[in-house]
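**Student:** okay, predicted coordinates and the sequence, questions at the end:
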Amino acid sequence: MTTMTIAKAINEGLRATLAGNPKSLLMGEDIGPLGGVYRVTDGLIGEFGPDRVVDTPLAESGIIGTAIGLALRGYSPVCEIQFDGFVFPGFNQITTQLAKMHARSNGNLTVPVVIRIPYGGGIGSVEHHSESPEALFAHTAGLRIITPSNPHDAYWMIQQAVECQDPVIFFEPKRRYWLKGDVDVETPGPSSDPFKAHVLRAGTDATIVAYGPLVPVALAAANAAEEDGRSVEVIDLRSISPLDFDTVTASVQKTGRLIVAHEAPTFGGIGGEIAARISERAFHSLEAPVIRVGGFHMPYPVAKVEEDYLPDIDRILEALDRALSY
Amino acid sequence: MGTHLPSTEFDETAVDDQREADAEAVMGEPLAPMVQLLGPDGKLGADPVFTEYADRLMPEALRGLYADMAAIRRFDVEATALQRQGQLALWVPLTGQEAAQIGSGRASQPQDYIFPTYREHGVALTRDVDLAELLRQFRGVSNGGWNPKDTNFHLYTLVLAAQTLHAVGYAMGIQRDQKLAAASSTGGRERDAAVIAYFGDGASSEGDVHESMVFASSYNAPVVFFCQNNHWAISVPTNVQTRVPLSNRAKGYGFPGIRVDGNDVIAVHAVTEWALEHARQGKGPVLIEAFTYRVGAHTTADDPTKYRPSSEEDAWRAKDPLLRLEKYLRAEGLADDAFFAKVKADGDELAAYVRRTTHDLETPDIRSAFANTYAEAHPLVAEELAWFEEYSAGFAGEEPAAEPAGQAAAKAGH
């Protein structure tokens, strides 16, 4: 067991992948000598050389499009997109090409490309550096979308993403890059399936589902509620597509109440999908409507007011109060 | 032969001379001449670089180029007819571009990998793609239709220029394969290969073409960009896409750009062979602009009479690539009436095969779409498939619902 940050855990996971899979390679802007703007690829070019850790031209469509070509030739590229808001020049390649290559080839071609995207707010940055576009990708069949919330998952899930034969969008909660935690580098343990949710905290009165950057917020809210005598279960979703409805359903059947929390705007978001599915699957178990806690229907606001935008402990507790009032 | 084009001498100055003068004015220097070996008079000219490559074409190969061009034109006529008869949802004709496609396709080697647009039926022929399978996409029974691994001919891509980046990435993979092979204990070297990325003059305006050329240049990737400038992006002419000949753009990326007479199959073959050798030898990318013309419509949904005069089409029909090669073959005594009669008979046989087989193309079960969305098991797909199975089972034993008359007729093969 080793203690490390999420950023370091991804770095170590990538190192293990590069060492173990000669057909894997990293691609992205500034990922070479600089080690990426968040230093996630720090030191890797020195160990594996510029053919395995490729500093690319500044062109997102180019990075993803050439990664598709490399995958067609038998390689496993891992692309780094510098910031969430910069993925859109590559959106066409992701949604019209990467997601559909396997289907349109009638299963003859696979494109095991991983796209790493630091996402979410809370770092006081400027426009296009704090967005949560996961729902835009989740709506596209053919993609898998996962997001770790702790170093152990970060270490294992990035390696599992590369091993997966489907394209994987790997959302990294950037404001948690420096969050420290224990990593068991010997065995993934309960993380062995990256597409399964984890119940992080057991409870009986309500369930909070969160993922990525909001997992620590959900846990803190559950702890605060406990002081008020409420027993709250917390689920770390981990995978946004596919979404582990079985784990969420089982929890709701036990607690009867569900709050879904994410940073992305609630309208058209993942929370709405969870609410709809759970109302279909567990209608008779629900004691209250599913309540969503998320961002507002606005462009991500300027840094000086982002704390009013981001769901925090109080917003989750307010939702919990509402759910419990039924 | 389905479409007979008039044979008149082609006046080189009649087409695009003003556009070229404008381009020279923009660039402040004269344009590099267009490579042409087989003149409109059917006589073979000389070129300091490419004659050597043309000389590699033995009489049998030249006859083969003619037979391929005739076959694909006959196929094009048949596919257009099939569309008109409701057998295909859409057709994308290539008539006029046979030399550009057959010349370049035949210059490739089996180990080369080809990324087409959606009009490269002639290139598909040279890669031994079953042309009936090529129609699956247009018949609406597949989004692909063939396995690219069998022929190294990739699937058609309808999103313009997306494939140019795939081509460069694939070429970067070839470079890595070569290094891995060289470093392996067996010491073997991956057989040299290169990639061709096809795109049109319209697609040249897409950002992906720019990014693909930047990446290709940055990594010296073994890729040949083959632009068929067929003068029209549906209804928008080339001069709205570019102020200078497209081949000149290569200069800005730092690799060679060659403009070739795209209706001269010998020149196209020579130039492409040169470019592929250049790429395979590790000398980096090449851009070829094949100056040609889409004689017919963009697709069967298009109406060129609304945007271009028939005189322009006539001027280009006079450059017909088949007639030009026929003149040469006859003048040199390399082919006789019997040869041309056999080519025609073979074309008719191909057309009959395609017509017969199109009717038999099997409509897939939607379960195959469930199966192919992901490579690995996916719970949402499994859940939706299970729902679909249960829902479908509820109709067991019932009469199928009545279909609209048109659809039913199409399915019945009328």
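**Tutor:** Yep, it's here. Numbering: from 1, shown residues only, chains lettered A, B, ... in the order given.

**Student:** C-alpha only now, for contacts and for neighbours.
**Tutor:** OK.

**Student:** OK, contacts around the residue positioned nearest the centre of chain A?
**Tutor:** Residue closest to the mean C-alpha point of chain A, counted by CA atoms, centre = their mean, is residue A:147 at 2.0 Å. Residues near residue A:147 by CA atoms under 8 Å, 6 or more residues apart in numbering or on different chains: A:170-173, A:211-212, A:238-240.

**Student:** of those residues, which is the most crowded?
**Tutor:** residue A:238 (29 neighbours; other CA atoms under 10 Å in any protein chain shown).

**Student:** could you point out the longest helix in chain A?
**Tutor:** The residue-count maximum for a helix in chain A (DSSP state H) belongs to helix A:6-20.

**Student:** check which residues of the helix or strand following it are buried.
**Tutor:** As assigned by DSSP states H and E, the chain's next helix or strand after helix A:6-20 is strand A:24-28. For strand A:24-28, the neighbour count (16 or more other CA atoms under 10 Å in any protein chain shown) marks A:24-28 as buried.

**Student:** next, give me the two most distant ones among these.
**Tutor:** Distances among these were taken as CA to CA; the most separated pair is A:24 and A:28, at 13.7 Å.

**Student:** quick check: closest non-adjacent residue to residue A:304.
**Tutor:** Once flanking residues are discounted, residue A:304 sits nearest to residue A:124: 7.2 Å by CA to CA, 6 or more residues apart in numbering or on different chains.

**Student:** kindly report the same for residue B:283.
**Tutor:** Counting by CA to CA, 6+ apart, the residue nearest residue B:283 is residue B:220, at 7.0 Å.

**Student:** check the gap between that neighbour and residue A:219 for me.
**Tutor:** According to CA to CA, to the nearest Å, residue B:220 and residue A:219 sit 51 Å apart.

**Student:** remind me, longest strand of chain A?
**Tutor:** strand A:258-265 (DSSP state E).

**Student:** list the buried residues in the strand or helix carrying residue B:385.
**Tutor:** Taking DSSP H and E as the criterion, residue B:385 maps to helix B:379-393. Buried residues in helix B:379-393, counting neighbours by 16+ other CA under 10 Å, are found at B:379, B:381, B:385.

**Student:** so the last one touches residue B:368, yeah?
**Tutor:** In this case it means residue B:385. No. If you go by CA atoms under 8 Å, residue B:385 and residue B:368 don't touch, sitting 10.4 Å apart.

**Student:** got any residues that touch both of the two?
**Tutor:** Residues within reach of residue B:385 and of residue B:368 at once, by CA under 8 Å, 6+ apart: there are none.

**Student:** ok, the residue nearest to residue B:283 - contacts?
**Tutor:** Taking CA under 8 Å, 6+ apart, we find residue B:220 in contact with B:282-285.

**Student:** in contact with residue 230, which residues?
**Tutor:** You didn't pick a chain, so chain A it is. Residue A:230 touches residue A:205, counting by CA under 8 Å, 6+ apart.

**Student:** you answered for a different chain; I wanted chain B.
**Tutor:** Counting by CA under 8 Å, 6+ apart, residue B:230 touches B:97, B:200-201, B:291-294.

**Student:** biggest separation within the residues you listed, which pair?
**Tutor:** Checking the contacts of residue B:230 with CA to CA, the most distant pair is B:97 and B:201, at 13.1 Å.

**Student:** those two - which one has more neighbours?
**Tutor:** Under the neighbour definition other CA under 10 Å, residue B:97 and residue B:201 were set side by side, and residue B:97 has more, 30 against 25.

**Student:** the more buried one touches residue B:291, doesn't it?
**Tutor:** No. Between residue B:97 and residue B:291 there is no contact, the gap being 9.4 Å when judged by CA under 8 Å.

**Student:** what do those two both touch?
**Tutor:** Common contact partners of residue B:97 and residue B:291 (CA under 8 Å, 6+ apart): B:230, B:262-263.

**Student:** quickly name whichever of these is closest to chain A.
**Tutor:** Closest to chain A out of the shared contacts of residue B:97 and residue B:291 is residue B:230 (25.2 Å), distances taken as CA to the nearest CA.

**Student:** check the gap between the residue nearest to the closest one when sequence neighbours are not counted and residue B:135 for me.
**Tutor:** Using CA to CA, 6+ apart and skipping the chain neighbours, the partner closest in space to residue B:230 is residue B:293 (3.9 Å). Relative to residue B:135, residue B:293 is positioned 23 Å away (CA to CA).

**Student:** show me which residues of the stretch 1-150 of chain A sit near chain B.
**Tutor:** For the stretch 1-150 of chain A, the residues in contact with chain B (CA under 8 Å from any CA of the partner chain) are A:51, A:56-57, A:59, A:61-62, A:65-75, A:93, A:96-97, A:100, A:102-108, A:110, A:141-143.

**Student:** need the buried ones from the residues you listed selected in ChimeraX.
**Tutor:** Buried residues among these (16+ other CA under 10 Å), as a ChimeraX selection:
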select /A:51,56,57,59,61,62,65,66,67,68,69,70,71,72,73,74,75,93,97,100,102,103,104,105,106,107,110,141,142,143
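
**Student:** among the residues of the stretch 1-150 of chain A next to chain B, name the ones in helices.
**Tutor:** The members of the residues of the stretch 1-150 of chain A next to chain B that map onto helices under DSSP H are A:61-62, A:65-72, A:102-104.

**Student:** how about these in a markdown table, adding pLDDT?
**Tutor:** Formatted as a markdown table, those follow (pLDDT from 0 to 100):
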| residue | pLDDT |
| --- | --- |
| A:61 | 98 |
| A:62 | 98 |
| A:65 | 98 |
| A:66 | 98 |
| A:67 | 98 |
| A:68 | 98 |
| A:69 | 98 |
| A:70 | 98 |
| A:71 | 98 |
| A:72 | 98 |
| A:102 | 98 |
| A:103 | 97 |
| A:104 | 96 |
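
**Student:** which two among those are spaced furthest apart?
**Tutor:** Pairwise over those, using CA to CA, the maximum falls at A:62 and A:103, 22.2 Å.

**Student:** please enumerate the strands of chain A.
**Tutor:** In chain A, the strands defined using DSSP E lie at A:2-5, A:24-28, A:53-55, A:76-80, A:114-119, A:144-146, A:168-173, A:180-183, A:198-201, A:206-210, A:232-236, A:239-241, A:258-265, A:291-295.

**Student:** buried sites along the first one?
**Tutor:** Burial within strand A:2-5, assessed by neighbour count using 16+ other CA under 10 Å, is assigned to A:4-5.

**Student:** now do the last one
**Tutor:** Within strand A:291-295, the residues scored as buried using 16+ other CA under 10 Å are A:291-295.

**Student:** relative to chain B, which of those residues is nearest.
**Tutor:** Scanning the buried residues of strand A:291-295 for proximity to chain B, where the rule is CA to the nearest CA, the winner is residue A:292, at 21.9 Å.

**Student:** surely that closest one and residue A:260 touch.
**Tutor:** Yes. Residue A:292 lies in contact with residue A:260 (CA under 8 Å); the separation is 4.9 Å.

**Student:** overlap in contacts of these two?
**Tutor:** In terms of CA under 8 Å, 6+ apart, residue A:292 and residue A:260 are both contacted by the residues A:271, A:275.

**Student:** what secondary structure does the nearest residue to residue B:158 once chain neighbours are set aside sit in?
**Tutor:** Counting by CA to CA, 6+ apart, residue B:118 is the residue found nearest to residue B:158 once chain neighbours are left out, at 6.2 Å. Reduced to three states with DSSP: H, G, I helix; E, B strand; the rest coil, the structure at residue B:118 is coil.

**Student:** repeat for residue B:171
**Tutor:** helix.

**Student:** would you agree it is in contact with residue B:194?
**Tutor:** Yes. The pair residue B:171 / residue B:194 is scored as a contact, 6.4 Å apart, by CA under 8 Å.

**Student:** so for these two, which residues contact both of them?
**Tutor:** B:222-223.

**Student:** check contacts around residue B:218.
**Tutor:** By CA under 8 Å, 6+ apart, the contact set of residue B:218 is residue A:57.

**Student:** enumerate every residue touching residue B:277.
**Tutor:** Listed by CA under 8 Å, 6+ apart, residue B:277 has no contact partners.
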